[in-house]
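Peer 1: pasting the structure only:
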Ligand code: AMP
């Protein structure tokens, strides 16, 4: 595996005849990341993983400064998953002149409302990475369903010929979705956090029986106060998504509903306003 920090060096290392798979990440790898690396490995000739804690997608009061970083461990995990190139640029390499040009995104759902400018930062860095790496395929997790929906729309709106692959959420044995931010949780908080996947499962089961999934999730959250519970339309499926703060961690999770939800009016999104 080659580790590269400069864009020019990365471009030199890419074979334009190869089928290139790109996996954009912010590091602190877990099995969710590794599942994307392995999928890219199985489907592509050349696997590029970018590791960049992108300041443009963090709000002023968010966790940019304390976001978990462990480059040594990440590098070993990437190598073991068959990654060919690990691209780890510094901020100066990605944004040498700060920001004058952005990919502006609208229709970013409740997650976008909860984190103003977050998806603008995500879309901008992903477009830059797509332009730098020119992958045939890019790999993302279902865990960040709204992110996948935003990127799917960006590819369509801006006529980018990148195949977007969205892979299932990887969970711990107890059901908690793997996330780099789980590192912020104490043991007690982790137990509290389990209410999130459990409530989403309750919502999915309720929907299967014809009940309102959003209300079912809210009722099952066990005192956990959600930022939102909403429906997201992704690749022809309806995803039941929620976010909640547990201690200093803000966790997001979702489950796929078996049948499209009648309540999904606006391109599939409804949101309960009451907080
Ligand atoms: P991050 O490093 O958190 O920005 O995530 C990089 C990619 O990994 C994103 O496409 C995420 O959706 C994906 N990802 C994060 N957690 C999981 C998970 N538990 N299962 C599958 N994919 C995940």
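Peer 2: Received it, and whenever you're ready, just let me know what you need. Quick caveat, the model's predicted, so the values are computed rather than measured. Numbers count the residues shown, from 1 in each chain.
Peer 1: ok, which residues in the stretch 151-275 of the chain are in contact with the ligand?
Peer 2: For the stretch 151-275 of the chain, the residues in contact with the ligand (Cβ under 6 Å from any ligand atom) are 169, 170, 177, 178, 179, 180. Bear in mind the C-beta positions are built from the backbone N, C-alpha and C, glycine included.
Peer 1: residue contacts, the residue nearest the centre of the chain?
Peer 2: Central residue of the chain (Cα atoms, centre = their mean): residue 144, 3.5 Å from the mean position. Residues counted as contacts of residue 144 (Cβ atoms under 8 Å, 6 or more residues apart in numbering) are residue 252.
Peer 1: between the residues of the stretch 151-275 of the chain next to the ligand, which is nearest residue 158?
Peer 2: Residue 158 has its nearest neighbour among these in residue 169, at 26.8 Å by Cβ to Cβ.
Peer 1: and that closest one, that's in a helix?
Peer 2: No - counting by DSSP: H, G, I helix; E, B strand; the rest coil, residue 169 is not found in a helix; it is coil.
Peer 1: per-residue confidence at residue 99?
Peer 2: pLDDT for residue 99: 88.
Peer 1: Was I right to think it contacts residue 54?
Peer 2: No - Residue 99 is beyond contact range of residue 54, at 11.5 Å (criterion: Cβ atoms under 8 Å).
Peer 1: For the two, indicate the residue with more neighbours.
Peer 2: Neighbour count, other Cβ atoms under 10 Å: between residue 99 and residue 54, residue 54 has more, with 21 against 11.
Peer 1: Tell me which residues touch that one, please.
Peer 2: With Cβ under 8 Å, 6+ apart, residue 54 has these contacts: 26, 94, 121, 122, 125.
Peer 1: Please indicate which of those has the highest neighbour count?
Peer 2: Busiest of these [other Cβ under 10 Å] is residue 122, holding 25 neighbours.
Peer 1: wait, what's in contact with that one?
Peer 2: Listed by Cβ under 8 Å, 6+ apart, the contact set of residue 122 reads 54, 57, 147, 150, 151.
Peer 1: Quick check: closest non-adjacent residue to the residue in the stretch 101-250 of the chain that the ligand sits nearest to.
Peer 2: Relative to the ligand, the nearest point of the stretch 101-250 of the chain is residue 141 (2.2 Å; Cβ to the nearest ligand atom). What sits nearest to residue 141 in space, not counting adjacent residues and going by Cβ to Cβ, 6 or more residues apart in numbering, is residue 32, at 5.6 Å.
Peer 1: Many thanks, we can stop here.
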